[in-house]
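Colleague: Sequence and computational prediction follow.
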Amino acid sequence: MIRPPGFIGVAFSERSDGDIRNDVAARGALASRLEVSEAWAEVSQVHGDHVVRVTAPGNRGEADALWTTEPGLPLAIFTADCFGVALVADDAVGVAHAGWRGAVSGVVPRLREEMSASGNDPRRAAVGPGIGSCCFEVGPEVAELFTDRAAVTSWGTTSVDLPAVLAGQLDGLETWKADGCTRHDPGWFSHRADGTSERLASIVWLA
């Protein structure tokens, strides 16, 4: 488990924590270690830009970001190459699921906007583990969406620097980012590496 320094209510799971999306026992063990409730709020992720405000645990339907002002309510999104992006305000927290489709649709800026519109301006952000430009091979139809963030994989094919894209969308916030790449680092799950259905969790709560 990764606990970003200076963030009280943010955590990112690792492979050693188990399949947090599908394994109830693994989720319970992680919740116990974090000293939070096992009842989390989550969404059915669809790689879009829909954001929901939540006040209670459970699945809140199709969306890719959620936020709350309820103390102690854990929010979670699940990834295996996409990035979990946590936003922290004084009296609110939010988390977004951001792969390349989420980056294009602007799910992270949308989450920032919705939190700010309620008077809860995010002050800090934490970006969990995801695929690096070293391994994120894309076709021309994706690359042309990110012409200012073009990159090359470690084997010489076209790539996009998604961490840099997200950093640009978090401009103005104090931001921490996990090091590494999910595709070639054995410490994390990667759908691109082996097609796994197992997922990491990005968890936030208002402490």
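Modeller: Thanks, I have the structure now.
Colleague: middle-most residue in this protein, spatially?
Modeller: Centroid-nearest residue in the chain, with Cα atoms, centre = their mean: residue 84, separated by 0.7 Å.
Colleague: who does the lowest-mean-pLDDT helix or strand in the chain touch, helix- and strand-wise?
Modeller: Ranked by mean pLDDT, DSSP states H and E, the helix or strand of the chain with the weakest confidence is strand 150-152, at a mean of 89. Here strand 150-152 touches strand 158-160, going by 3 or more Cβ pairs under 8 Å, 6 or more residues apart in numbering; DSSP states H and E. In this view, the C-beta of every residue, glycine as well, is placed from N, C-alpha and C.
Colleague: What strands flank the least confident helix or strand of the chain, and is each parallel or antiparallel?
Modeller: Sheet pairing of strand 150-152 (DSSP bridges) gives strand 158-160 (antiparallel).
Colleague: Around residue 7, how many other residues sit close by?
Modeller: Neighbour count of residue 7, defined by other Cβ atoms under 10 Å: 17.
Colleague: Which residues lie in contact with the residue lying farthest from the centre of the chain in this structure?
Modeller: Largest separation from the mean C-alpha position in the chain: residue 156, at 27.2 Å (Cα atoms, centre = their mean). Residues near residue 156 by Cβ atoms under 8 Å, 6 or more residues apart in numbering: none.
Colleague: The one 5 residues further on too?
Modeller: Residue 161 sits next to 133, 146, 149, 150, 151 when contact means Cβ under 8 Å, 6+ apart.
Colleague: got those residues as JSON lines, with distance to residue 107 columns?
Modeller: Converted to JSON lines, the contacts of residue 161 look like this (distance: Cβ to Cβ, whole Å):
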{"residue": "133", "distance to residue 107": "20"}
{"residue": "146", "distance to residue 107": "15"}
{"residue": "149", "distance to residue 107": "17"}
{"residue": "150", "distance to residue 107": "22"}
{"residue": "151", "distance to residue 107": "21"}
